[in-house]
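>>> Let me see the structure of the following:
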Amino acid sequence: MFSQYFGHYLLNCGLITREQLADALEYQQSVHVKFGVIAIDEGFMTPSQVEEVHEKQKQVDKRFGEIAVELGYLSNDQVESLISVQKQGHLFLAQSLVDRGYMNIEQFGQALDEYKRDNSLSDDQFEAIKSGNVETLVNSILSKEKDTYGEYLSLFAKNMIRFIDDQMYLEVAEQENTQQQNWLVYQEIVGNDPLFTAITANKDVFLYLASKYAEEELTEMDELAQASVSEFLNLHNGIYLVNKSNKGVELNMKPQKLKEKASVSGNTFVVTVQTTKGPFQLILSNQPEQVSISLGE
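Numbering: from 1, shown residues only. Model prediction:
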């Protein structure tokens, strides 16, 4: 996830072009291997065991390695071995940019130092971000909102990576720049810590999300496509409720709803979620009673 942020930092600083970034990220994908695939390749786990862990991740907010250890499929030493392969994702981006001739390693190192300084990151924070700590990375892009929405957004980023797109990244959106999209899925969390949650996307991105979650190619906005995105939001919110319950906060969810050509207004916090297919918006509000849904033509 960090490589996406840092790649766009390089782009915004004029150190690489948009075409070079896209090429480097695509090239990086050829050398980036998911945790479960590495575990199979190393002979630590079977494909059916990996699939069982993935299914467990739909119920609890735990890393692949944590669940695999609990199930007796991996030892702690094996997990550490696999993590060492994965955790320095920014090095894949560096290798891609150098191999393609877009930057040299000295320029890349200087840019890393500048990124750390520009974002006021401590040494520990920067090492955590480079090693894939989603919470630290998400909190670094939020300001005052991190206390209100940081926990939810960190979990959302992890679930996007786990179930939809491991190349995604988040951007805080300006509310005046939000646009009405074709499709809106929303769900309200009720209790002592209420929250309005919604995903709004155009048709192409909506179908991309649906296809990834359903694990099959969906090309029409049929019942399965609509249900798939609705269920992803419901699954994510369900795991969020489990996390809150573990901290002593009991919440419930209302049924998720889907609308076409609908817009959201009120006191909301909007995050743009960038995916390999394009962006969609995640809309949140800790004052759901002040949020309203209106239908367009």
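>>> Specify the local secondary structure of the residue nearest the centre of the chain.
In the chain, the residue lying closest to the centroid (CA atoms, centre = their mean) is Ala157, at 2.6 Å. Assigned with DSSP: H, G, I helix; E, B strand; the rest coil, Ala157 falls in the helix class.
>>> For it, which non-adjacent residue is spatially closest?
Closest residue in space to Ala157, ignoring its immediate chain neighbours: Val134 at 5.1 Å, by CB to CB, 6 or more residues apart in numbering. Just so you know, the C-beta spots here come from the backbone N, C-alpha and C atoms, and that holds for glycine as well.
>>> Please apply the same query to Gln107.
Counting by CB to CB, 6+ apart, the nearest residue to Gln107 once its immediate chain neighbours are dropped is Leu15, at 7.0 Å.
>>> Surely the one you found touches Ala111?
Yes - with contact defined as CB atoms under 8 Å, Leu15 counts as touching Ala111 (6.0 Å).
>>> anything in contact with each of the two?
Met103 (CB atoms under 8 Å, 6 or more residues apart in numbering).
>>> Next, work out how far apart the residue lying closest to Phe126 once chain neighbours are set aside and Lys130 are.
Sequence neighbours aside, Lys116 is the residue nearest to Phe126 in space, at 4.8 Å (criterion: CB to CB, 6+ apart). Using CB to CB, to the nearest Å, Lys116 is found at 10 Å from Lys130.
>>> Which one's more surrounded, these two?
Neighbour comparison, Lys116 and Lys130: the larger count goes to Lys130, with 21 against 17 (by other CB atoms under 10 Å).
>>> Which stretches in this structure count as helices?
2-12, 18-29, 35-41, 47-56, 64-70, 76-86, 89-99, 105-118, 123-130, 134-141, 146-163, 203-214, 223-246 (DSSP state H).
>>> among the ones you listed, which is nearest Val190?
Closest of these to Val190 is helix 223-246, at 10.4 Å (criterion: CB to CB).
>>> Quick one: mean pLDDT over that closest one.
Averaged across helix 223-246, the pLDDT comes to 95.
>>> got the CA positions of that helix in CSV?
Taking Å, rounded to 0.1, in the frame of the first residue of the first chain, the C-alpha atoms of helix 223-246 are listed here in CSV:
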residue,chain,number,x,y,z
GLU,A,223,-28.9,-8.8,-8.8
LEU,A,224,-25.6,-10.6,-8.2
ALA,A,225,-23.5,-7.5,-8.9
GLN,A,226,-25.6,-5.3,-6.7
ALA,A,227,-25.7,-7.9,-3.9
SER,A,228,-21.9,-8.4,-4.0
VAL,A,229,-21.0,-4.8,-3.3
SER,A,230,-23.7,-4.6,-0.7
GLU,A,231,-22.4,-7.7,1.0
PHE,A,232,-18.8,-6.4,0.9
LEU,A,233,-19.9,-3.3,2.9
ASN,A,234,-21.9,-5.5,5.2
LEU,A,235,-19.0,-7.8,5.8
HIS,A,236,-16.6,-4.9,6.5
ASN,A,237,-19.1,-3.3,8.9
GLY,A,238,-19.6,-6.7,10.6
ILE,A,239,-15.9,-7.1,11.3
TYR,A,240,-15.8,-3.5,12.5
LEU,A,241,-18.6,-4.3,15.0
VAL,A,242,-16.6,-7.3,16.2
ASN,A,243,-13.6,-5.1,16.8
LYS,A,244,-15.7,-2.6,18.7
SER,A,245,-17.4,-5.3,20.8
ASN,A,246,-13.9,-6.6,21.8
